[in-house]
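Colleague: The following comprises the amino acid sequence and a computationally predicted model.
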Amino acid sequence: MSKPDRFNHPPLVDTKCFCRADGGGGLKTSNPCLKPNVKPSIHPIGRVEKTRNQPTLIPFLPDDLAIACLIRVNRIHHCKLRLVCKRWNRLLSSNYFYSLRKNSRLTEEWLYVMKRDHKQGKTTFHSFDPVHHMWQTLPPVPKEYNTAIGFGSAVLSGCHLYLFGGKDPVKGSMRRVVYYSVKTNKWHRAPDMLRRRQFFVSCVINNCLYVAGGKNEGATTNPPSRSAEVYDPTKNRWSFILDMDVGMVPVSSIVYRGEWILKGIVSGSYRPESNRWFSVSGGLVSGWRNPCGTLNGKIYALDCKDGCRIRVYDEKDDSWSKRIESQMHMGNSEAFEARVVIELNGKLCIVRNNMSISMVDVSKCNDMDEGIIVDEHLWETITGKGQFKTLMTNIFSSLAGRNRVKNHVLHCQVLQA
């Protein structure tokens, strides 16, 4: 009987499919598998071509198995992986690497915050890992947005953070659009808007960016704008939509059941499928507080300055009769003022000026009756690494009567990678 040939075993992975490289059940995707060659990104990162003399990604491992290992590395370590070699950097910056993580349900949601230091007058950009409770400083925002005011932000395709419009202290109102890519960790240019505008509102519906209202050219004599426009990233261009009935500088806006609702002097809503504006009134508008957000088809608004009490909109009764309250309030100092309410990992995330974060598990309150729910187990206040000292400084400053806020949160979004 001949000895078994150890070199004739079946391959560990199918070179035509990376989904079978996981020994613990495999990666389940509904889309056809991609070819081993790294696809070129839309960003200027260069083309990855395989040559005979090119070394493997990981010594003694085929590239398909190496990629199957790399996509499982937590995001917190991606910045270190990029430093290993140029080929790893190109791989992690490619659409291909991102699509593999997304199709394998390995993407992680991080919080991205822009804050302005009132002492230096500069805008800084940070990311927060909710799993490891770690803050990271990111590449600075483009210089035109370093001191700009009244600009908007939105996320498209889950991994691109857009900044648009606003007022430059020297040039006035802007049409400029830039975006930050999680894949490349860099800022890029995008097509300018069709109108200059500042202090407007925006939203994302079906991965298209909508903007409306605001002021034009920065002149105080000009009436508020009635114009509205939409950006389609697949076509990479802006186009006008139907003008609003009344020009206004909206206070806030949300997307609720596929409809864009704006609150201002005159409130209204926009439906993309019909390209029409409608008037809005009733309990939704009268009880609306800012900031607010949506999660699992419900609208939540903060009911106090520090964001430790939440109001819930009841569509059946057209009222805000439900409330979720924490037993620990932080005070009325501007440092503790809640600036953003956003969804993060299936929970309601509240971000304050001092960069403290509260996570509220509102899923346990979906069947609540009218009234107030007081449950400290629903709330989790997070102070990331490097922020505890700032939090304690703000507490002692508040006790001493020095309530001037040093940092002001401008925008906060959630990106996946």
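Modeller: Done, it's in. Numbering: from 1, shown residues only.

Colleague: Render the CA-only coordinates of the strand or helix carrying Ser321 in PDB, please.
Modeller: Assignment of secondary structure by DSSP states H and E places Ser321 within strand 319-325. What follows is strand 319-325, C-alpha atoms only, in PDB (Å, rounded to 0.1, in the frame of the first residue of the first chain):
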ATOM      1  CA  SER A 319     -48.400  63.600  20.800                       C
ATOM      2  CA  TRP A 320     -45.100  63.500  22.800                       C
ATOM      3  CA  SER A 321     -46.600  62.000  25.900                       C
ATOM      4  CA  LYS A 322     -43.900  59.300  26.400                       C
ATOM      5  CA  ARG A 323     -40.600  60.100  28.100                       C
ATOM      6  CA  ILE A 324     -37.400  58.100  29.000                       C
ATOM      7  CA  GLU A 325     -35.400  59.700  31.900                       C
END
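
Colleague: Quick one: list the elements packing against it.
Modeller: strand 309-314, strand 371-374 (3 or more Cβ pairs under 8 Å, 6 or more residues apart in numbering; DSSP states H and E). (Each C-beta comes from the backbone N, C-alpha and C, glycine too.)

Colleague: show me where pLDDT drops low in the chain?
Modeller: Where the chain drops to pLDDT under 70, the residues are 1-53, 217-221, 366-371, 376, 383-405.

Colleague: Domains in it, by residue range?
Modeller: What the record gives for the chain is the domain set 6-103, 108-136+281-410, 139-280, from automatic domain parsing.

Colleague: ok, back up a step: neighbouring strands - and their directions - for the strand holding Ser321?
Modeller: Using DSSP bridges, the strands paired with strand 319-325 are strand 309-314 (antiparallel), strand 371-374 (parallel).

Colleague: Any buried residues in the last one, and which?
Modeller: Within strand 371-374, the residues that qualify as buried by neighbour count (16 or more other Cβ atoms under 10 Å) are Ile373.

Colleague: Compile the strands paired with strand 319-325 into CSV and extend it with columns for distance to Gly287.
Modeller: Below are the strands paired with strand 319-325 laid out as CSV (distance: least, Cβ to Cβ, whole Å):
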stretch, distance to Gly287
strand 309-314, 7
strand 371-374, 15
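
Colleague: quick one, which of the ones you listed is nearest to Asp245?
Modeller: strand 309-314 (24.1 Å; Cβ to Cβ).

Colleague: ok, residues contacting the closest one?
Modeller: Strand 309-314 has contacts (Cβ atoms under 8 Å, 6 or more residues apart in numbering) with 283-284, 287, 289, 298-303, 319-326, 329, 348, 360, 362, 365, 368, 370.

Colleague: Give the PyMOL command for selecting the buried subset of those.
Modeller: Provided next is the PyMOL selection string for whichever of these are buried by 16+ other Cβ under 10 Å:
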select buried, resi 284+287+298+299+300+301+302+303+319+320+321+322+323+324+325+326+348+360+362+365
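
Colleague: For the stretch 301-417 of the chain, which segments count as helices?
Modeller: 388-399 (DSSP state H, counting those that start in this stretch).

Colleague: Could you do the stretch 151-300 of the chain as well?
Modeller: Under DSSP H, counting those that start in this stretch, the stretch 151-300 of the chain gives helices at 283-286.

Colleague: Now Cys79: which helix or strand?
Modeller: With DSSP H and E as the criterion, Cys79 is inside helix 78-81.

Colleague: outside of that helix, which residues touch it?
Modeller: Under the contact criterion Cβ under 8 Å, 6+ apart, helix 78-81 has outside partners 70, 73, 88, 92, 136, 185, 417.

Colleague: Ala154 pairs with what?
Modeller: Under the criterion used (DSSP bridges), Ala154 bridges to Tyr162.

Colleague: From what I see, it and Ile205 are in contact.
Modeller: No. Judged on Cβ atoms under 8 Å, Ala154 makes no contact with Ile205 at a distance of 10.5 Å.

Colleague: In terms of neighbours, single out the busier of the two.
Modeller: Each of Ala154 and Ile205 has its neighbours counted (other Cβ atoms under 10 Å); Ala154 has more, 20 against 16.

Colleague: how about that one, what does it touch?
Modeller: Ala154 neighbours (Cβ under 8 Å, 6+ apart): 161-162, 164, 202-204, 209, 413.

Colleague: now for the residues you listed, which pair is the farthest apart?
Modeller: Leu161 and Cys203, at 14.8 Å, using Cβ to Cβ across the contacts of Ala154.

Colleague: what's around Leu209, how many residues?
Modeller: 23.

Colleague: count of neighbours near Arg116?
Modeller: Arg116 has 17 nearby residues by other Cβ under 10 Å.

Colleague: and it, that's in a strand?
Modeller: Yes. Applying DSSP: H, G, I helix; E, B strand; the rest coil, one finds Arg116 inside a strand.

Colleague: picking up where we left off before, let's see which of the contacts of Ala154 end up in strands.
Modeller: 161-162, 164, 202-204, 209, 413 (DSSP state E).

Colleague: With distance to Val255 added, can I get those in a markdown table?
Modeller: Formatted as a markdown table, the ones in strands among the contacts of Ala154 follow (distance: Cβ to Cβ, whole Å):
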| residue | distance to Val255 |
| --- | --- |
| Leu161 | 17 |
| Tyr162 | 16 |
| Phe164 | 17 |
| Ser202 | 10 |
| Cys203 | 5 |
| Val204 | 7 |
| Leu209 | 12 |
| Gln413 | 14 |
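
Colleague: neighbour-wise, which of those leads?
Modeller: Phe164 (25 neighbours).

Colleague: OK, contacts around that residue?
Modeller: Phe164 is in contact with 151-154, 176-178, 190, 193, 202, 209, 211, counting by Cβ under 8 Å, 6+ apart.

Colleague: ok, now Trp379?
Modeller: Per Cβ under 8 Å, 6+ apart, neighbours of Trp379: 308, 326, 328, 358-360.

Colleague: ok, now Arg101?
Modeller: Here Arg101 is in contact with 71, 107, 417 (criterion: Cβ under 8 Å, 6+ apart).

Colleague: change it to 7 Å
Modeller: Taking Cβ atoms under 7 Å, 6 or more residues apart in numbering, we find Arg101 in contact with 71, 107.

Colleague: how close does it get to Glu108?
Modeller: Per Cβ to Cβ, to the nearest Å, Arg101 is found 9 Å from Glu108.
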